[in-house]
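Student: using only what follows, build the 3D model:
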Amino acid sequence: MPVTNPFLQASPDLVALVNSRTGDDPLLTGSGAAEGVRIGYRFLGTGLREQQLENEVIQGLAGLRGEIAPNWRYEAYYSWGKTVIDQRATGNVNVQRVQQLLEAPDGGVSLCAGGFNPFGIQPFSQDCVDFVDEVGVTKTTFTQKIAQAYISGQLAELPAGPLSVVFGAEKRDFRYEFDPGALFGPIAGFNTSTPDLGTNSFLDFFGEASIPILKDAPLAESLELTLTARHSKSDFNDIQNGVDGSPSNDWSYGGTLTWSPVRELRFRASYQHSVRAPNFGELFSGGGSFPQIFDPCSNNSNFRTTRGAAAAAICQATGVSAGTINTFVATPGAQAFITVTGNPNLKPEKSDAFTAGFVFNALGFTGSIDYYNIKVSDTIFSPDVNEIIASCYGYNDINPSLSATNPYCGGLFRSNNNIAAIFLPPSLGGDPATGYFQAVNQGSVKTSGIDFQLGYNLPTEFVGPESSISFNLLLNYLFDFKVTGLGGLQTDYAGTASYFGAGLGTSFPEWKGTMNVGFNLNKAFSLQSRVRYIDAMENRAARQYIGETFTGPGSVWYFDFALQGQVENMTLRLGLNNAFDRKPPTYAPNVQSGTDPSTYDVIGRRFYVSARLKF
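Tutor: Numbers count the residues shown, from 1 in each chain. Below is the predicted model:
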């Protein structure tokens with residue numbers, strides 16, 4: 001806002017405050033008292049941010065299968081598909097139009113009725129809403145072509161049974177095009193985007209062998225080894241920016257050993273080396289986001305209380321003004337802007353997974369216990385904003401001396417004392433000109449835990465000849481979920497609930513389980529219930545800002561019921577989910593929804609009915 005704005009000039013106290021300024025912000029016109037004034041404003045008049053999506057999918061598949069020799073079969077197919085997604089995003093503000101209102105000599109009155117007065121809660125006419133409102137219309141187009149062929153059969157007859165094999169090849173071609181429309185312009189509201197056009201293709205050769213080792217031997221009802229392997233050549237091209245990515249040749253492979261000493265017990269162990277190719281967003285797309293942040297420099301933080309003068313010094317050195325250093329309290333619900341750009345030279349992520357366990361079936365019980373240990377390396381990495389902030393202010397081992405010249409501190413940009421954006425220095429992978437971070441293969445993710453399953457079927461012949469009660473319990477216990485991020489920082493997020501901006505599916509309860517209980521009166525009628533449990537968790541921020549106090553969600557139970565009946569060719573099902581209307585737990589800090597909608601039920605109690613007809 002220029003200092004000549006009439007709404008600013010209407011307040012003598014505000015004019016006096018503005019005229020007392022000295023110094024120069026190189027990003028603003030003028031200097032000292034003549035320099036423009038930065039303002040932040042939340043436009044409520046343009047309404048909620050809403051998306052309307054229209055999806056069109058066309059897909060076709062043709063194939064052949066048959067026998068080429070005794071015990072040898074073939075299958076081949078070709079599929080083509082196209083998906084077009086049209087999105088209409090409302091509730092946006094055209095920033096250039098707002099700038100026009102601020103710079104107009106009459107405060108924008110000549111542009112829309114009443115103009116724009118940003119000071120305090122002021123009327124904002126519908127005419128002005130229409131002037132600044134911007135609808136973003138985007139179009140996304142995916143095209144895929146897939147061809148696959150394989151043969152399967154028995155390669156040899158071994159003492160314990162036939163040696164079965166599968167050999168095949170697969171070709172996959174994908175094309176991605178994104179037209180951001182108005183969201184490529186000066187828009188506030190939905191995140192801005194860039195136009196994208198790219199292709200990626202894969203040529204795979206794969207094989208599998210099932211090798212029986214023992215059968216009906218002492219202490220070996222059966223012993224079998226399965227081996228798998230796949231070679232994949234991937235190639236990615238960014239047509240929009242004229243970048244031809246380098247092809248990547250990768251192997252995935254694995255083996256599974258199963259042993260049954262007796263018919264009722266089977267042990268199993270497996271090792272798998274896998275790869276995941278980067279997706280279109282990681283390869284070609286870019287854009288900004290505004291994840292939630294915590295500001296250690298807020299005067300009510302534990303950091304300011306316990307680190308005293310050293311904390312005040314680094315906060316002042318990283319942008320908190322000297323005049324407010326002892327009174328500054330960060331804006332509640334703060335978010336910080338960060339931009340990550342696509343990278344057509346990304347390589348596939350690699351993972352190594354080991355599992356071991358056993359399955360049993362005895363005395364009417366069926367069950368399994370399995371241990372898993374999975375590590376993903378060369379992860380396609382985007383920086384975590386809060387890890388960067390925490391690393392600057394010494395919450396981990398990266399900057400224990402609270403040096404303001406630490407590169408993590410160099411990435412922080414403050415506006416009006418608050419952290420407003422993250423622009424990474426080159427030493428942390430930021431672009432020298434923009435501070436934007438290009439996605440790279442970096443860091444790792446490691447997790448391990450135990451899966452447990454137990455089932456039992458109890459006949460109730462006293463009710464009816466075909467009646468029974470069935471139980472099925474599934475439990476997972478998570479040992480760890482360790483993420484190695486920027487600069488080698490490692491954090492274990494097991495037992496934590498995620499917050500806005502960390503991504504969906506990033507809450508990791510230590511315990512979670514599901515129990516299904518069903519009463520089957522006969523083959524035609526059954527009553528089913530399901531109980532879901534999610535363990536209590538601490539806030540993810542507590543692992544990043546050690547010593548600070550945050551709230552986390554308590555344990556949650558959900559109860560679902562269903563009634564199913566079958567009459568001739570029709571199956572009718574009536575259901576009630578979240579029967580006791582359990583509300584999602586809320587915790588702070590966690591802006592926007594206040595909960596994790598990918599973990600908890602945010603809809604509440606709901607009924608449904610479904611019918612299935614077979615003919």
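Student: switch to C-alpha atoms for all contacts and neighbour counts from now on
Tutor: Noted.
Student: burial measure for Tyr395, as a count.
Tutor: 21 (other Cα atoms under 10 Å).
Student: output the contacting helices and strands for the top strand by length along the chain.
Tutor: Longest strand of the chain, by residue count under DSSP state E: strand 133-158. Helices and strands touching strand 133-158, by 3 or more Cα pairs under 8 Å, 6 or more residues apart in numbering; DSSP states H and E, are strand 72-94, strand 161-179.
Student: turn these into JSON lines, including mean neighbour count and mean pLDDT.
Tutor: Shown next, in JSON lines, are the helices and strands packed on strand 133-158 (neighbours: other Cα atoms under 10 Å; pLDDT from 0 to 100):
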{"stretch": "strand 72-94", "mean neighbour count": "17", "mean pLDDT": "95"}
{"stretch": "strand 161-179", "mean neighbour count": "18", "mean pLDDT": "95"}
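Student: so which of those is nearest Phe328?
Tutor: Phe328 lies closest to strand 72-94 among the helices and strands packed on strand 133-158, at 29.4 Å (Cα to Cα).
Student: and the helices in the stretch 301-450 of the chain?
Tutor: In the stretch 301-450 of the chain, the segments counted as helices under DSSP state H, counting those that start in this stretch are 302-317, 385-392, 407-410.
Student: that older thread, in a markdown table: the helices and strands packed on strand 133-158, plus distance to Glu208.
Tutor: A markdown table is the format used below for the helices and strands packed on strand 133-158 (distance: least, Cα to Cα, whole Å):
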| stretch | distance to Glu208 |
| --- | --- |
| strand 72-94 | 14 |
| strand 161-179 | 5 |
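Student: out of the ones you listed, nearest to Leu474?
Tutor: Comparison of the helices and strands packed on strand 133-158 against Leu474 by Cα to Cα identifies strand 161-179 as nearest, at 32.7 Å.
Student: what packs against that closest one?
Tutor: Strand 161-179 packs on strand 133-158, strand 196-217, going by 3+ Cα pairs under 8 Å, 6+ apart.
Student: now do Gly357: how many residues are near it, please.
Tutor: Number of residues near Gly357 (other Cα under 10 Å) recorded here: 18.
Student: list the buried residues of stretch 8-16.
Tutor: Within stretch 8-16, the residues scored as buried using 16 or more other Cα atoms under 10 Å are Leu8.
Student: then stretch 374-390?
Tutor: Residues 374-383, 385-390 are the ones in stretch 374-390 that count as buried (16+ other Cα under 10 Å).
Student: list just the nearest of these to Val517.
Tutor: Ile374 (31.5 Å).
Student: who are the neighbours in contact with the nearest residue to the closest one once chain neighbours are set aside?
Tutor: Closest residue in space to Ile374, ignoring its immediate chain neighbours: Ala353 at 4.3 Å, by Cα to Cα, 6 or more residues apart in numbering. Ala353 makes contact with Ser270, Tyr271, Gln272, His273, Tyr372, Asn373, Ile374, Lys375, according to Cα atoms under 8 Å, 6 or more residues apart in numbering.
Student: need these in JSON lines (columns: pLDDT).
Tutor: As requested, these are arranged in JSON lines below (pLDDT from 0 to 100):
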{"residue": "Ser270", "pLDDT": "98"}
{"residue": "Tyr271", "pLDDT": "98"}
{"residue": "Gln272", "pLDDT": "97"}
{"residue": "His273", "pLDDT": "98"}
{"residue": "Tyr372", "pLDDT": "98"}
{"residue": "Asn373", "pLDDT": "98"}
{"residue": "Ile374", "pLDDT": "98"}
{"residue": "Lys375", "pLDDT": "97"}
